[in-house]
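[1] sequence-free structure coming up:
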């Protein structure tokens with residue numbers, strides 16, 4: 001609601017195929033724009049990390065168990081389709097607050113490992129104040 005009131009759009013870019021992006025949108029009922037980056041070019045340009053060692057750390061394993069206990073279920077079939085696995089399937093992302101314009105980046109968070117979520121208040125401050 002805060003983002004909507006500020007005229008900010010939330011856009012997702014996933015490292016999989018167009019079909020995976022479509023399935024994600026359908027499963028999550030996400031209302032914003034979702035794009036696919038099957039070559040990981042945006043992730044590489046932003047120096048986002050990738051690899052098994054940043055995906056499965058002890059901290060991450062505890063978070064997976066906690067999320068499962070809270071009722072969250074990962075669509076592992078969707079996450080590990082052939083094209084995703086061929087790239088390793090271990091791409092980590094981040095959050096960028098950008099705009100207006102093409103070169104105005106006011107906030108960037110690069111995940112150091114899976115589940116490395118930034119403080120939502122920092123994001124809202126960067127995009128909505």
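    In hand now; what should we look at? Bear in mind the structure is a predicted one, so any value in this text is a computation, not a measurement.

[2] residue contacts, the nearest residue to residue 47 once chain neighbours are set aside?
    Distance criterion CB to CB, 6 or more residues apart in numbering; nearest residue to residue 47, sequence neighbours excluded, is residue 110 at 6.6 Å. The way it works is simple: take the backbone N, C-alpha and C, and place the C-beta from them, glycine included. Residue 110 sits next to 46-49, 92, 94 when contact means CB atoms under 8 Å, 6 or more residues apart in numbering.

[3] Among those residues, name the buried ones.
    Buried members of these, counted by 16 or more other CB atoms under 10 Å: 48-49, 92, 94.

[4] Pick out the least confidently modelled helix or strand of this protein, by mean pLDDT.
    Using mean pLDDT, DSSP states H and E, helix 82-86 stands out as the lowest-scoring helix or strand of the chain, at a mean of 53.

[5] Report the distance from the helix or strand that comes right after that one to the chain centre.
    Next along the chain after helix 82-86, taking DSSP states H and E as the criterion, comes strand 94-98. Centroid separation for strand 94-98 versus its chain: 10 Å, with CA atoms, centre = their mean, to the nearest Å.

[6] Adjacent strands (with direction) for strand 94-98?
    Take DSSP bridges as the rule and strand 94-98 pairs in its sheet with strand 105-110 (antiparallel).

[7] Downstream of the partner strand, the next helix or strand is which one?
    helix 120-128.

[8] Report all helices and strands that that next one contacts.
    Secondary-structure packing of helix 120-128 (3 or more CB pairs under 8 Å, 6 or more residues apart in numbering; DSSP states H and E): helix 2-5, strand 94-98, strand 105-110.
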